[in-house]
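Novice: sequence and computational prediction follow.
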Amino acid sequence: MIDLRAAGPLEQFEIVKLVDLPLGSIDISLTNSSLWMLIGTGAIILFFVFATRRVSLIPGRLQGAAEVLYEFIADLVRDTIGSDGRKFFPYVFTLFLWILVANLFGLLPTFPGAPHELHTFTTTSHLIVTLALAMLTILIVIVYGFAKNGLGFLRLFAPSGQPWPMYLILVPVEVISFLSRPLSLAIRLFANMFAGHIILKVFAGFVISLIGAGGGWFLIGLAPFLGVVAVTMLEFLVAALQAYVFAILTCIYLSDAAHAADH
């Protein structure tokens, strides 16, 4: 019998303190979560530094990839928000890239034998992170909505052209719908990342247990191994898709703020 043991499926989400940095009553210690946020941010910066270092009319691979990403988000913002969307392009572009890289980096394999503190970590698998991004988006929507439309922004909750008794139903529904936007944004991203990694860990646990049992169980372990491969491929697709969904919903909410007076 081979002694192979795997950590529990929830251990991969554990926040581990790496460097203790107390600031009075506030704990600003460096954790594995914040470390991977910094790694992801640094990777994005380095990518665009090297991609734009030697800009040419005929782009190389890095420049071409950067231009594709730029045009993809630029078209998304332009088509969804309209001419008012240009001012929001830097935010949406940064948001999309940060979520995409955070999702993808969480799928990278950990070096065998690496301590738990240095395992790859998916920052978007924690609700507090996705909720912070969602709340920032909604805050921008509210501030811009009132800045551009004044009290006309409130027309978003009372669409014109309806019989007045309908507003007794429409207004509460629209208010609840608006208030639920940050929750839906945050939970959608968090749940997809969390659930996908749980499934991967469970399948991997089956593989390790069956291989460790030896004999004919080794062959049976091929089935969950193929499941791990399939789910991993699906997770890469989900990682990109969820970054896109977060970005396009952000654009839709910003479009509502930009055109609230037209409702």
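Specialist: Arrived safely, thanks for sending. Bear in mind the structure is a predicted one, so any value in this text is a computation, not a measurement.

Novice: all contacts plus neighbour counts: C-alpha atoms, from now on.
Specialist: OK.

Novice: tell me how far residue 203 lies from residue 21.
Specialist: From residue 203 over to residue 21 the distance is 37 Å, taken as C-alpha to C-alpha, to the nearest Å.

Novice: out of those two, which sits in the busier spot?
Specialist: residue 203 (22 against 12; other C-alpha atoms under 10 Å).

Novice: can you classify the more buried one as helix, strand or coil?
Specialist: Here residue 203 is helix, with the state taken from DSSP: H, G, I helix; E, B strand; the rest coil.

Novice: distance check, it against residue 34.
Specialist: From residue 203 over to residue 34 (counting by C-alpha to C-alpha), the distance is 28 Å.

Novice: go ahead and confirm residue 105 touches residue 124.
Specialist: No. Between residue 105 and residue 124 there is no contact under C-alpha atoms under 8 Å: 10.3 Å.

Novice: which of these two has more neighbours?
Specialist: Neighbour count, other C-alpha under 10 Å: between residue 105 and residue 124, residue 124 has more, with 27 against 19.

Novice: so what's that one up against?
Specialist: By C-alpha atoms under 8 Å, 6 or more residues apart in numbering, residue 124 lies in contact with 99, 102-103, 130, 189-190, 193.

Novice: now with 10 Å?
Specialist: Remark: with contacts taken as C-alpha atoms under 10 Å, 6 or more residues apart in numbering, residue 124 is in contact with 33, 37, 98-100, 102-103, 106, 130-131, 133, 186, 189-194, 239.

Novice: and it, how far is that from residue 208?
Specialist: Going from residue 124 to residue 208 by C-alpha to C-alpha gives 27 Å.

Novice: try residue 17
Specialist: Residue 17 is 28 Å from residue 208, by C-alpha to C-alpha.

Novice: who's more crowded, those two?
Specialist: The residue with more neighbours, out of residue 17 and residue 208, is residue 208; 19 against 16, by other C-alpha under 10 Å.

Novice: hang on, that one packs against residue 220?
Specialist: No. Counting by C-alpha atoms under 10 Å, residue 208 stays clear of residue 220, with 11.3 Å between them.

Novice: any low-confidence regions in this protein?
Specialist: For the chain, the stretches with pLDDT under 70 are 1-9, 112-114, 116-117, 212-215, 217-218, 221, 261-263.

Novice: verify the contact between residue 228 and residue 201 for me.
Specialist: Yes. Using C-alpha under 10 Å, residue 228 is in contact with residue 201, at 8.5 Å.

Novice: which neighbours do these two share?
Specialist: Shared contacts of residue 228 and residue 201 (C-alpha under 10 Å, 6+ apart): residue 207.

Novice: would you map the helices across the stretch 1-150 of the chain?
Specialist: For the stretch 1-150 of the chain, helices defined by DSSP state H, counting those that start in this stretch occupy the ranges 32-51, 61-81, 89-105, 127-149.

Novice: same thing with the stretch 151-263 of the chain?
Specialist: With DSSP H, counting those that start in this stretch as the criterion, the stretch 151-263 of the chain has helices spanning 167-179, 181-213, 217-220, 222-258.

Novice: of all these, which lies closest to residue 145?
Specialist: Set against residue 145 and scored by C-alpha to C-alpha, the helices of the stretch 151-263 of the chain come closest in helix 222-258, at 4.4 Å.

Novice: can you name every helix or strand that the closest one contacts?
Specialist: Judged by 3 or more C-alpha pairs under 10 Å, 6 or more residues apart in numbering; DSSP states H and E, helix 222-258 is in contact with helix 61-81, helix 89-105, helix 127-149, helix 181-213.

Novice: in TSV, list those helices along with distance to residue 155.
Specialist: Formatted as TSV, the helices and strands packed on helix 222-258 follow (distance: least, C-alpha to C-alpha, whole Å):
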stretch	distance to residue 155
helix 61-81	18
helix 89-105	25
helix 127-149	9
helix 181-213	17
